[in-house]
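Trainee: build me a structure from this.
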Amino acid sequence: MLQKLIEFFQNLFGGTKNNPNPSPRPEPRPDPSPIPPPHIPTPPRPEPEVVEINEDETISDGADIMTTDPDSIGTVVFPEELEIVEVEEVSPITITDEELTDIPVVVDPSLIEEEIPEPEKPVHKKRYTWCLDNGHGRFTAGKRSPKFENGNRFFEYEFNRDIVKRIIKKLDEVGIDYFNVVPEVDTDNFLKGRVDRANAYQTDLPKLFVSIHSNAARSESSNHWANPGAKGMETWYYTGSTRGRKLASIFQKHMVKYTGMVNRGLKSTRKLYVIKNTSMSACLTENGFYNHKKEAIELMKDEVRQSIADAHIAAILEIEKNGL
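Mentor: Below you'll find the predicted structure:
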């Protein structure tokens, strides 16, 4: 009985008494029909996002989209997935020049810059009529410098008219009333005629008289230069005239200030014909010495003449503003 039990277990475990190393147990055969894993539903593929591009924007290619708005790019669609669409060929539209001119142009009023008018310049309120006297004419004897080394001379009549011309230019700009007493050149001293013209000139404004000159000092002759000490600016008025003195002082102040020339001060007399016989307050300015060699050279320079004219203009403007 015991032997049968032993043989039973040996056969059960694949070995026998005489074969202690039984053959390995064969691997189980795979089941040809495995159980499928549980079904997991596949999520639906999302529809491509529609990207709208504003046609008004200036976009030349895809790079513009990437650089301007990268977040606007939706799902990428590859070529094999695109539906082929046949596009009907359309002939280009042509517009003739005549038709083009008939197309109305609509302009947004907000885009038109409103033209801002320039502020109007204040209009000067005229206070006086200035009788500007050029002094001597071309035929007045003397009234010229000795000759320079190059043969040129300084002529007072030319100097006087140049200064008055510069003054008038500014008075026209400002709007100040004036009367050019001697506009002509080919005349002589013409003393009485100058006074008569100024006195007879009709105006609704009070008149003031200014005679403009260049000075001369005593010398051996008209061909010799004067003493170097004779130089500078001075202004004359009629002795005893309070208004004449005030008028002269304002001109003298500005003449020295604008030119930097020697201040020879105010001078009065009862002998100067034009300031004696005019029926209005008058003064006579002497602007440097034309027979002082160095000063004559200065008086022939444009910038010096302009400074003399500016001095007279400044005096006129002060009196126009404050009165006399």
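
Trainee: neighbours around Leu208, how many?
Mentor: The number of residues packed around Leu208, counting by other CB atoms under 10 Å, is 25. Bear in mind the C-beta positions are built from the backbone N, C-alpha and C, glycine included.

Trainee: wait, what's in contact with it?
Mentor: For Leu208, the contacting residues are 128-131, 247, 280-282, 319, 324, by CB atoms under 8 Å, 6 or more residues apart in numbering.

Trainee: if you rank those residues by neighbours, which is first?
Mentor: Ala282 (28 neighbours).

Trainee: for it, give its distance to Arg161.
Mentor: Per CB to CB, to the nearest Å, Ala282 is found 19 Å from Arg161.

Trainee: the host helix or strand of Gly193 - what's its average pLDDT?
Mentor: Under DSSP states H and E, the secondary-structure element containing Gly193 is helix 191-200. Averaged over helix 191-200, pLDDT sits at 96.

Trainee: buried ones in it?
Mentor: For helix 191-200, a neighbour-count test (16 or more other CB atoms under 10 Å) marks 194-195, 197-198 as buried.

Trainee: ok, stretch 146-156 next?
Mentor: Neighbour counts using 16+ other CB under 10 Å place 146, 154-156 of stretch 146-156 among the buried residues.

Trainee: start and end of that stretch, how far apart?
Mentor: Start-to-end span of stretch 146-156 (CA to CA, to the nearest Å) is 12 Å.

Trainee: as a whole number, average confidence for it?
Mentor: Within the predicted structure, the mean pLDDT of stretch 146-156 is 93.

Trainee: ok, residues contacting it?
Mentor: Contacts made with stretch 146-156 from outside it, assessed by CB under 8 Å, 6+ apart, are listed as 135-136, 138, 140, 143-145, 213-214, 216, 222-225, 290-291, 293, 296-297, 299-300.

Trainee: in PyMOL, select just the buried ones from the residues you listed.
Mentor: Here is the PyMOL selection string for the buried members of the contacts of stretch 146-156, based on 16+ other CB under 10 Å:
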select buried, resi 135+136+140+143+144+145+213+214+216+225+290+291+296+299+300
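
Trainee: show me the contacts of stretch 146-156 that map onto helices.
Mentor: With helices defined by DSSP state H, the entries of these inside them are 293, 296-297, 299.

Trainee: please, where are all the strands along this structure?
Mentor: Assigned by DSSP state E, the strands in the chain fall at 129-133, 177-180, 207-215, 233-238, 263-269, 281-289.

Trainee: can you tell me which of the contacts of Leu208 is nearest Leu205?
Mentor: Of all these, Leu205 sits closest to Thr129, with 4.5 Å by CB to CB.

Trainee: the closest one against Asn180, yeah?
Mentor: No - with contacts counted by CB atoms under 8 Å, Thr129 stays clear of Asn180, the gap being 11.4 Å.

Trainee: for stretch 172-184, list every residue counted as buried.
Mentor: Taking 16+ other CB under 10 Å as the basis for neighbour counts, the residues of stretch 172-184 that come out buried are 176-182.

Trainee: now the stretch 151-300 of the chain, which segments are flagged as low pLDDT?
Mentor: Residues of the stretch 151-300 of the chain that meet the criterion pLDDT under 70 are absent altogether.

Trainee: let's see 90
Mentor: Screening the stretch 151-300 of the chain residue by residue with the criterion pLDDT under 90, one finds the ranges 186-190, 218-223, 227-230.

Trainee: so who does Asn277 touch?
Mentor: Contact criterion CB under 8 Å, 6+ apart gives 192, 195, 199 as the residues in contact with Asn277.

Trainee: let's see 7 Å
Mentor: By CB atoms under 7 Å, 6 or more residues apart in numbering, the contact list for Asn277 reads Val195.
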